[in-house]
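> What follows is a predicted protein model with its sequence.
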Amino acid sequence: MLGRVIVTGGSGFIGGRIAKHLKDAGAYVVIIDQNPPKVQTDEFIRGNVEDEGTWRQVPEIGFDAILHLAARTSVLKSITDPVDAFYSNVAGTFQVLEYARRREVPSVVSASSNAVVGNHTESAITETLGLNPLTPYGATKAAGEMLASGYHHSYDIATANIRLTNVYGPTMWNKDSIIPRLLRYAVGEGEFRIYGEGNQYRDYVYIDDVVSAFIKLAEAQETGTVSFGSGESFSVIEIVNKVSMVVGEKLEPPHIPPQKGEMAGVKISLEKADRLGLKATTSITEGLERTWQDFLQSRRSK
Ligand SMILES: NC(=O)c1ccc[n+]([C@@H]2O[C@H](COP(=O)([O-])OP(=O)(O)OC[C@H]3O[C@@H](n4cnc5c(N)ncnc54)[C@H](O)[C@@H]3O)[C@@H](O)[C@H]2O)c1
């Protein structure tokens, strides 16, 4: 059980859910984020993770783990502003690891992405594929994984990187990813267009399964990289149909020409995740239903 934990990016979608879960389970939780959190924890430090000064404000008590989620997450924005992505994601991860080294925090678990791998010819992405990121975002995540490895071997800190697939679930309403965009489209808010035929496939994982995986890696003080998702990939068309079932209306978004450089598909191997006892247990139908109900609830309470 984690007693004292720092969650970077704790004001965001995944970090907020992790912070809430830990707090509800009785942990002492410090959030570090540049934006104010939506969940109440023991301490909130407003600042950038890449600034050493932010870390000087952390209470001088021993921590069991840092769960590191703060990052610039937009792949497209990383192409137009790679400098910003570098400072937050690479210099930021470096400061996280530096804090862990100086303050002897035994475990750091960082959010990574399959974007570190880029194009490949395997049927499924495994952790042993070479790193070949296609964007600055992917490169910053690959750099974070490498820093984590170096800090583990040099300073004996357990450093795990969890490569997440497409995470979805409650509270992600303003995000730009496919599921919230489709739900907004279903209620007549915003556009949704399908690039090309819509055969691009991705792995979708429900947020609470991701929360459990993060906590498990930290509790077990794991080191190394693991891909985590549901293990099931769906095409854009299949997701449109599944969301249609959940919202009770056939959604028929228009098609537009394919987007250049888009990865044809993401399918991951869960072999290593299984070995580590990480398991996504929420089916896509169940996860979408919960997400939709939370979406409706949040609109009612506006
Ligand atoms: N959501 C996904 O599907 C997905 C997939 C793969 C990887 N990830 C990774 O998981 C992590 C969390 O993603 P999310 O979806 O919750 O994103 P999010 O944008 O909702 O949350 C990120 C949080 O980090 C904060 N932040 C950004 N830069 C910062 C900085 N320099 N200093 C301090 N705070 C900063 C933001 O204010 C925000 O609260 C990210 O590292 C992301 O790259 C997410």
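Ah, there it is.

> nearest spatial neighbour of Pro82, skipping sequence neighbours?
Of all residues not flanking Pro82 in the chain, Pro136 sits nearest, at 3.8 Å (CB to CB, 6 or more residues apart in numbering). (Glycine included, C-beta is placed from N, CA and C.)

> need the contact list for the one you found.
Residues in contact with Pro136 (CB atoms under 8 Å, 6 or more residues apart in numbering) are 78-79, 82, 85-86.

> Kindly export the longest helix along the chain (C-alpha atoms) in CSV.
The longest helix of the chain (DSSP state H) is helix 136-155. Taking Å, rounded to 0.1, in the frame of the first residue of the first chain, the C-alpha atoms of helix 136-155 are listed here in CSV:
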residue,chain,number,x,y,z
PRO,A,136,8.7,15.3,-31.2
TYR,A,137,6.0,14.0,-28.8
GLY,A,138,7.1,10.4,-29.4
ALA,A,139,10.7,11.4,-29.1
THR,A,140,10.2,13.1,-25.7
LYS,A,141,8.5,10.0,-24.4
ALA,A,142,11.4,7.8,-25.7
ALA,A,143,13.9,10.2,-24.0
GLY,A,144,11.9,9.9,-20.8
GLU,A,145,12.2,6.1,-20.9
MET,A,146,15.9,6.4,-21.4
LEU,A,147,16.4,8.8,-18.5
ALA,A,148,14.4,6.4,-16.3
SER,A,149,16.6,3.5,-17.3
GLY,A,150,19.8,5.5,-16.6
TYR,A,151,18.5,6.6,-13.2
HIS,A,152,17.5,3.1,-12.3
HIS,A,153,20.9,1.6,-13.1
SER,A,154,23.0,4.5,-11.6
TYR,A,155,21.0,5.2,-8.4
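
> Next SSE downstream of that helix?
Counting by DSSP states H and E, the next helix or strand C-terminal to helix 136-155 is strand 158-164.
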